[in-house]
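K.L.:
Pasting the sequence and the predicted coordinates here, then a few questions.
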Amino acid sequence: MRTHPIIAALLLGAGLAFISCNSKPDTDAHEQEAHATQPKPAPVATPPNLRDTLQLLAQQLDTVHRDGCFDEDFARLMTVHHAGAQRLAAVEIASGKDSTLRALAQHVLKGHERDNHVLTLALTRQPPKDQEYRPGNTKDPFMRRITAALAPLHQLPATPGPLDADFATLMQVHHQTGAALAQVELAFGKDAELKDAARRIVRDEQAEIKQYQRWLKAHPTN
């Protein structure tokens with residue numbers, strides 16, 4: 001039996017349409033599978049913000065537990081304070097470009113590791129049975145000195161960049177408060193080893209402040 005040419009054309013068109021409609025999902029599925037197997041681009045890591053790091057340190061110092069003992073509370077505060085410097089130094093080492101500042105950052109890490117050993121040992125000793133000051137009394141001489149020592153952390157200078165300049169600027173603030181905190185220990189503390197550590201902190205951090213000041217003078221940002 002012969003098929004009429006028009007009917008044959010219609011049947012052929014319907015067949016092609018059927019094949020086309022049924023093959024599209026397979027093609028889409030194949031493309032989706034191919035895209036799914038391709039590795040996704042890694043997210044771009046945002047470098048830590050130096051200013052945020054120092055502001056976080058200020059918040060942590062404000063909430064450090066205090067027993068009312070001069071030596072132990074100084075050791076707790078300085079341990080947290082040193083950790084803040086180590087975080088700042090880690091950012092400079094990872095993202096900074098200036099070799100002098102990167103070397104200073106490495107010095108901070110090594111020096112603070114030595115101090116942290118002394119501070120940790122102090123916290124393992126038996127504290128005095130009675131309080132030497134009242135942590136909740138803002139008029140207490142020890143509390144007033146601690147508050148004044150840490151106040152610059154709540155009033156940070158402008159940091160418009162670049163990162164190296166911001167690091168030098170903020171490390172000055174950090175070391176200023178660290179030296180002031182150590183001077184409170186020298187005025188009130190009783191533990192000989194801690195007082196030796198406090199003297200070293202004052203000496204080292206004041207010397208480093210001068211290095212940051214010289215660097216900033218030699219590298220004006222304006």
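P.N.:
Now that the structure is in, tell me what you want to look at.
K.L.:
so residue 186 is in which element?
P.N.:
Assessed by DSSP states H and E, residue 186 sits inside helix 163-188.
K.L.:
Which residue, neighbours along the chain excluded, lies closest to residue 159?
P.N.:
Of all residues not flanking residue 159 in the chain, residue 166 sits nearest, at 4.1 Å (CB to CB, 6 or more residues apart in numbering). Backbone N, C-alpha and C define where each C-beta goes, glycine included.
K.L.:
now that neighbour: how far from residue 111?
P.N.:
21 Å (CB to CB, to the nearest Å).
K.L.:
okay, these two: which has more neighbours?
P.N.:
A count of neighbours by other CB atoms under 10 Å puts residue 166 above the other of residue 166 and residue 111, at 23 against 18.
K.L.:
If I follow the layout properly, the more buried one ends up in contact with residue 51?
P.N.:
Yes: contact criterion CB atoms under 8 Å: residue 166 and residue 51 qualify, at 7.1 Å.
K.L.:
Give me the common contacts of these two.
P.N.:
residue 159 (CB atoms under 8 Å, 6 or more residues apart in numbering).
K.L.:
Now do the buried residues in the helix holding residue 186.
P.N.:
163-185, 188 (16 or more other CB atoms under 10 Å).
K.L.:
helices or strands next to it in the packing?
P.N.:
Applying 3 or more CB pairs under 8 Å, 6 or more residues apart in numbering; DSSP states H and E, one finds that helix 163-188 contacts helix 50-62, helix 70-95, helix 99-124, helix 141-150, helix 192-218.
K.L.:
And the longest one, what's buried?
P.N.:
Translated: helix 192-218. Residues of helix 192-218 classed as buried: 194-195, 197-198, 201-202, 204-205, 208-209, 211-212, 215 (neighbour count, 16+ other CB under 10 Å).
K.L.:
The helices and strands packed on helix 163-188: lowest mean pLDDT?
P.N.:
Mean pLDDT is lowest for helix 99-124 out of these, coming in at a mean of 89.
K.L.:
mind listing what's buried in that helix?
P.N.:
100-102, 104-105, 108, 111-112, 115-116, 118-119, 122.
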